[in-house]
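> model the following, please.
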Amino acid sequence: QLVESGGGLVQAGGSLRLSCAFSGTIFSDNTMGWYRQAPGNQRRLVASINKDGSRTNFAASVKDRFAISRDNAKNIVYLQMNNLEPEDTAVYYCNSVHPTGTTWMASWGMDYWGNGTLVTVSS
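Prediction:
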């Protein structure tokens, strides 16, 4: 199960912290990531963190503005978003990250996502 929270309306230049509570070893045992989907666009991975939190990766568009972390004791993944831009407006989702770039469940033929959390950045 995946439950995202923390979205909202913020002015450009502002900050938000998203949280994702997950349950299940498919998530706890793997790299986790934050994806986002803007209206009319495909869902894209913007940040990922490996199982023990020692390695992170970011899309070029958010690098140096976003930070990802995880608390494995609480099964939560966070996305700290700073200096937000209107282009960051999207529904944000968390999910596992398979080495092929899809999710682990998708690699098994199942398409599971949480409800996501909406982030709206006004100019």
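> could you say which helix or strand holds the most centrally placed residue in the chain?
By Cα atoms, centre = their mean, the chain has its centre lying nearest to W34, at 1.5 Å. Element membership of W34, judged by DSSP states H and E, is strand 32-37.
> how far away from the center of its chain is that strand?
Taking Cα atoms, centre = their mean, to the nearest Å, the mean C-alpha location of strand 32-37 is offset from the chain mean by 3 Å.
> for it, packing partners?
strand 16-22, strand 44-49, strand 66-71, strand 76-81, strand 90-96 (3 or more Cβ pairs under 8 Å, 6 or more residues apart in numbering; DSSP states H and E). In this view, the C-beta of every residue, glycine as well, is placed from N, C-alpha and C.
> shouldn't D64 be within a strand?
No: with DSSP: H, G, I helix; E, B strand; the rest coil as the criterion, D64 is coil rather than part of a strand.
> for it, grab the count of nearby residues.
Residues lying near D64 (other Cβ atoms under 10 Å) number 9.
> next one: V77
The local packing of V77 (other Cβ under 10 Å) involves 27 other residues.
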